[in-house]
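Peer 1: What follows is a protein structure lacking sequence information:
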């Protein structure tokens with residue numbers, strides 16, 4: 001299969017785009033750096049070096065695996081360098097630059113990074129999209145070479161340069177099981193969480209399996225903690241490939257909506273969300289398409305749970321009635 005990564009055209013289109021801003025009043029902001037690096041290294045002796053990159057150059061992207069901490073909402077997740085904006089940060093882009101320097105030891109300014117542009121801002125939420133947490137900005141930088149890391153181990157467990165085209169290869173596509181019981185219980189009764197774990201089961205989310213380098217700490221992890229690209233960071237790459245691989249973005253980067261482990265919930269969700277999914281598919285590729293689609297989809301998951309519970313109660317009552325009749 002041909003993975004038509006077009007770095008130069010993507011950079012040109014991205015540079016001409018005005019990113020959409022979030023205006024919902026959220027004060028907490030964060031930024032991440034999507035860092036692309038060229039291999040082999042490029043000479044930066046001319047100001048327009050970015051436009052002279054040969055088409056044969058393979059772009060790499062920097063991905064990190066966050067440290068494992070109980071207090072971290074995204075403990076152990078694959079992510080991009082970045083973090084919350086601090087008072088001393090002059091702008092969102094300065095936040096991305098500072099966090100990159102602190103987390104992986106790469107000074108984007110000193111290394112001659114080219115700021116190509118930014119993706120649309122997005123609202124990051126919890127509890128199935130019902131609780132807005134912060135506004136996230138994603139800035140795309142290009143480095144003229146692959147840089148070494150100096151990790152802040154309190155924040156970052158491992159870091160790795162990944163071939164950008166690997167994120168388009170179906171052989172790396174997989175699923176991750178997520179327990180939704182806590183998010184569901186937060187909308188009802190927290191004491192219901194153990195019951196929901198048993199009754200609802202898991203939700204399956206799209207993910208991309210990453211192959212850690214043999215000298216990476218991630219290669220020593222047990223299988224269930226190996227790095228998987230999913231969630232917010234996955235949605236950023238869905239947007240990114242609209243620029244760098246437009247003809248393959250929709251067909252090759254297989255991002256799909258989550259689905260229930262239990263088949264009855266899954267069937268009910270498919271039935272009640274069919275029109276919504278068709279409508280959102282027709283809107284591709286609008287900004288933040290994956291994340292917007294997911295957040296609008298959560299109401300169908302909630303409705304499927306209610307219908308599923310009622311359906312199971314009716315079935316149980318029917319079977320009980322039949323049993324009592326048989327005993328008579």
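Peer 2: Happy to help now that I have it. Keep in mind that what you see is a predicted model, and the values were worked out from it rather than measured.
Peer 1: use CA for all of it now, contacts and neighbours both
Peer 2: OK.
Peer 1: per-residue pLDDT, the nearest residue to residue 138 once chain neighbours are set aside?
Peer 2: Spatial nearest neighbour of residue 138, chain neighbours left out: residue 32 (5.0 Å); criterion: Cα to Cα, 6 or more residues apart in numbering. We have a pLDDT of 98 for residue 32.
Peer 1: same for the host helix or strand of residue 32, what does it pack against?
Peer 2: Using DSSP states H and E, the element containing residue 32 is strand 29-39. Applying 3 or more Cα pairs under 8 Å, 6 or more residues apart in numbering; DSSP states H and E, one finds that strand 29-39 contacts strand 58-66, strand 82-84, helix 92-104, strand 131-143.
Peer 1: could you point out which element follows the first one?
Peer 2: Spelled out, it's strand 58-66. Proceeding N to C from strand 58-66, the next assigned helix or strand is strand 78-79, under DSSP H and E.
Peer 1: The strand holding residue 32 pairs with which strands?
Peer 2: strand 58-66 (antiparallel), strand 82-84 (antiparallel), strand 131-143 (parallel) (DSSP bridges).
Peer 1: For the chain, give me the ranges with low pLDDT.
Peer 2: 1-3, 185-190, 247-254, 328 (pLDDT under 70).
Peer 1: Contact partners for residue 200?
Peer 2: 181, 260-262 (Cα atoms under 8 Å, 6 or more residues apart in numbering).
Peer 1: at 10 Å instead, please
Peer 2: Residue 200 sits next to 179-181, 184, 260-262, 265, 305, 308-309 when contact means Cα atoms under 10 Å, 6 or more residues apart in numbering.
Peer 1: So which of these are in strands?
Peer 2: Members of the contacts of residue 200 lying in strands (criterion: DSSP state E): residue 260.
Peer 1: Start from the N-terminal end of the stretch 151-300 of the chain and give the strands.
Peer 2: 156-163, 173-178, 203-209, 228-230, 259-260 (DSSP state E, counting those that start in this stretch).
Peer 1: Compile the ones you listed into CSV and extend it with columns for mean neighbour count and distance to residue 317.
Peer 2: Converted to CSV, these look like this (neighbours: other Cα atoms under 10 Å; distance: least, Cα to Cα, whole Å):
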stretch, mean neighbour count, distance to residue 317
strand 156-163, 21, 51
strand 173-178, 17, 30
strand 203-209, 20, 27
strand 228-230, 24, 40
strand 259-260, 21, 24
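Peer 1: which residue sits closest to residue 37, ignoring its sequence neighbours?
Peer 2: residue 143 (4.5 Å).
Peer 1: need the contact list for the one you found.
Peer 2: Contact analysis of residue 143 by Cα under 10 Å, 6+ apart lists 35-39, 41-42, 44, 50, 59-61, 108-109, 111-115.
Peer 1: Residue 29 too?
Peer 2: Per Cα under 10 Å, 6+ apart, neighbours of residue 29: 83-86, 92, 95, 121, 123-124, 133-137.
Peer 1: Filter those residues down to the buried ones.
Peer 2: Neighbour-count burial (16 or more other Cα atoms under 10 Å) is assigned, among the contacts of residue 29, to 83-85, 92, 95, 121, 123-124, 134-137.
Peer 1: In this structure residue 7 contacts residue 242, no?
Peer 2: No: counting by Cα atoms under 10 Å, residue 7 does not reach residue 242; the two are 11.6 Å apart.
Peer 1: Who has more neighbours out of the two?
Peer 2: Neighbours per residue, other Cα atoms under 10 Å: of residue 7 and residue 242, the larger number sits with residue 7, 23 against 19.
Peer 1: so what's that one up against?
Peer 2: Taking Cα under 10 Å, 6+ apart, one finds 36, 38, 50-51, 53-59, 142, 243-245 in contact with residue 7.
Peer 1: same deal with residue 105?
Peer 2: 98-99, 147-152.
Peer 1: And it, how far from residue 51?
Peer 2: 27 Å (Cα to Cα, to the nearest Å).
Peer 1: Which helix runs longest in the chain?
Peer 2: helix 289-327 (DSSP state H).
Peer 1: List the buried residues for that helix?
Peer 2: 289-295, 297-298, 300-301, 303-305, 307-309.
Peer 1: Now do it: distance to the chain's middle.
Peer 2: Chain-centre distance of helix 289-327: 29 Å, with Cα atoms, centre = their mean, to the nearest Å.
Peer 1: residues in contact with residue 230?
Peer 2: Contacts of residue 230 (Cα under 10 Å, 6+ apart): 77-79, 174-176, 205-209, 236-237, 255.
Peer 1: Among these, which one lies nearest to residue 27?
Peer 2: residue 236 (21.3 Å; Cα to Cα).
Peer 1: Now do the same contact list for that closest one.
Peer 2: Residue 236 makes contacts with 34, 80, 119-120, 122, 138, 230, 287-291, as judged by Cα under 10 Å, 6+ apart.
Peer 1: re the thing from before, just send the buried ones among the contacts of residue 29 back as a markdown table, with distance to residue 222 too.
Peer 2: Shown next, in a markdown table, are the buried ones among the contacts of residue 29 (distance: Cα to Cα, whole Å):
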| residue | distance to residue 222 |
| --- | --- |
| 83 | 27 |
| 84 | 30 |
| 85 | 33 |
| 92 | 36 |
| 95 | 33 |
| 121 | 35 |
| 123 | 32 |
| 124 | 29 |
| 134 | 32 |
| 135 | 33 |
| 136 | 31 |
| 137 | 32 |
